[in-house]
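Undergrad: No letters, just coordinates:
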């Protein structure tokens, strides 16, 4: 697969991989519920062993079963790193007037210090977050969004919300294409040569994007109306058979996770 | 290399690693798996009344004028795309707008809660920003608290006859700052400090995220003003259509 640099087509990329995934044919409802259950187990146990097992298992499913290139998987996992680094720093360091804890170093009026318990919290948290994220990515990198929406429809999310999501999902890609074109047009005319220019470029792109989206919205409504739209979207959904074998394996995996979690309770 | 040089070398590599590998600073989405189940449910429950209000508000608008459904959906897509655009930044890192403040000013505070929720789901699934178990907390800080403050400040400024651009700037940037404060508070509630409790912990989270969030709030304010100026130049009829400008107003 072609490597693309950070070009704000990530949205298109995750969706693109979902369509290319080799486990796309797994039943969508199964994938959504499986990943939700694993996420809940991760955050409920907050146990480093459970988290590690989940990270490895999800990587196996996504990379080996789903045939996603390792580099792309790591790139997607790396997206939240800034947030995790910053928030873990806030958790593992504390401030006090007197020197205390395992390590401490003086700053101005007092000491920054850290203790073993705080380092442990930080490490467990990092593992837990990565485990939950890999469970989420297992689902998103193998299930196209339209199928996730149909799972939500089956879960009785209000019709209006489903309808809006279906529309927004389609409009996002149209607007992304328009905004990429505008950005390239601006770049080729030195629209981002310095900070001030790029601010005004951003303003114009944003404004024109809204104008275009409003015009398109009217055109789309007319197009839908002329095709007898009456408030219901009916899409063709491929019927993906539920693989009993797969459900057994998933149930076994979940039971193993719970056993590990209970036995190594910390 | 002597010892001192080694330390400097190692720390420079560490800095390069931290800032080089992860150049994406987005608005503060709490990541998947970060909160314990209790807080996931708690924040979801707090969001409920606002979401129900937003749902009925959208339902009423659609019942009155069927055509508005595509407009509402397009506004949602617009918020998503604006929040995924790379914004100009001084430090060279790449950051994104929240977009919900601008959305609240343009389309009103009530429908922005539902649209914000949908946009957050899209961001979690398509961009890997935020998550599903933390959806409640993120919805509260980004789609409810921030936009409501933005909307309130904007209306207040208009009442007080403050210049329109100044009010848009204040609304967008203070809304963004408020989101940042609420998120820090949410993180602090989930991970209180051993010694000082929630207050100290909140101060720590505020301090750690300040270098990325404060400039972002200012830039978000400026960009929102520029978008509004652009819209008033090109799109007066569309602005009347979504109710931002009253008929006859220039």
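TA: Structure received. Model, not experiment: these values are computed from the prediction.
Undergrad: is stretch B:28-38 up against chain A anywhere?
TA: Yes - using CB under 8 Å from any CB of the partner chain, we find that stretch B:28-38 touches chain A at B:28, B:29, B:30, B:31, B:32, B:33, B:34, B:35, B:36, B:37. Just so you know, the C-beta spots here come from the backbone N, C-alpha and C atoms, and that holds for glycine as well.
Undergrad: now the third one, what's its secondary structure?
TA: Going back to what we said before, that points to residue B:30. coil (DSSP: H, G, I helix; E, B strand; the rest coil).
Undergrad: out of everything not next to it in sequence, what's closest to it?
TA: residue B:134 (4.4 Å; CB to CB, 6 or more residues apart in numbering or on different chains).
Undergrad: what about that neighbour, how many neighbours?
TA: Neighbour count for residue B:134, taken as other CB atoms under 10 Å in any protein chain shown: 28.
Undergrad: residue boundaries of the helices in chain A?
TA: A:10-20, A:28-45, A:48-59, A:70-77, A:81-92, A:116-140, A:145-154, A:159-188, A:195-225, A:244-263 (DSSP state H).
Undergrad: can you put those helices in JSON lines and add mean neighbour count?
TA: Compiled in JSON lines, the helices of chain A are given as follows (neighbours: other CB atoms under 10 Å in any protein chain shown):
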{"stretch": "helix A:10-20", "mean neighbour count": "19"}
{"stretch": "helix A:28-45", "mean neighbour count": "21"}
{"stretch": "helix A:48-59", "mean neighbour count": "20"}
{"stretch": "helix A:70-77", "mean neighbour count": "15"}
{"stretch": "helix A:81-92", "mean neighbour count": "20"}
{"stretch": "helix A:116-140", "mean neighbour count": "22"}
{"stretch": "helix A:145-154", "mean neighbour count": "18"}
{"stretch": "helix A:159-188", "mean neighbour count": "18"}
{"stretch": "helix A:195-225", "mean neighbour count": "18"}
{"stretch": "helix A:244-263", "mean neighbour count": "13"}
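Undergrad: can you tell which of these is closest to residue B:214?
TA: Nearest to residue B:214 among the helices of chain A is helix A:81-92; the distance by CB to CB comes to 13.6 Å.
Undergrad: close to chain B, is that closest one?
TA: Yes - using CB under 8 Å from any CB, we find that helix A:81-92 touches chain B at A:81, A:82, A:83, A:84, A:85, A:86, A:87, A:89, A:90, A:91.
Undergrad: For residue A:69, state which of those residues is nearest.
TA: The closest of these, once distances to residue A:69 are taken by CB to CB, is residue A:81, at 19.1 Å.
Undergrad: The residue nearest to residue B:30 reaches residue B:37, doesn't it?
TA: No - if you go by CB atoms under 8 Å, residue B:134 and residue B:37 don't touch, sitting 11.1 Å apart.
Undergrad: Which residue is the nearest non-sequential neighbour of residue A:130?
TA: That would be residue A:55: by CB to CB, 6+ apart, it lies 5.8 Å from residue A:130.
Undergrad: Kindly provide the distance from that neighbour to chain B.
TA: To chain B, residue A:55 is 11 Å away according to CB to the nearest CB, to the nearest Å.
Undergrad: Any regions of chain B where pLDDT drops low?
TA: Within chain B, the segments meeting pLDDT under 70 span B:1-27, B:88-95, B:241-243, B:245-250.
Undergrad: Could you rerun that using 80?
TA: B:1-28, B:67, B:84-100, B:107-109, B:193-197, B:208-209, B:211-212, B:234-250 (pLDDT under 80).
Undergrad: Spit out the contact partners of the one residue sitting closest to the centre of it.
TA: Closest to where the C-alpha atoms of chain B average out (CA atoms, centre = their mean) is residue B:98, at 3.3 Å. By CB atoms under 8 Å, 6 or more residues apart in numbering or on different chains, the residues touching residue B:98 are B:27, B:83, B:142, B:146, B:175, B:176, B:179, B:220.
Undergrad: out of these, what pair is the most spread apart?
TA: Applying CB to CB across those, the maximum distance is between B:83 and B:175, 13.4 Å.
Undergrad: More neighbours: which of the two?
TA: Neighbours per residue, other CB under 10 Å: of residue B:83 and residue B:175, the larger number sits with residue B:175, 31 against 24.
Undergrad: How about the more buried one: what's its closest non-neighbour residue?
TA: Using CB to CB, 6+ apart, the nearest residue to residue B:175 is residue B:150, at 3.2 Å.
Undergrad: thought that neighbour was touching residue B:168?
TA: No - look at residue B:150 against residue B:168 with CB under 8 Å: they stay out of range, at 9.2 Å.
Undergrad: on that earlier part again, contact partners for the residue nearest to residue B:30?
TA: B:29, B:30, B:31, B:32, B:33, B:34, B:35, B:40.
Undergrad: Let me know the closest of the residues you listed to residue A:239.
TA: residue B:32 (29.8 Å).
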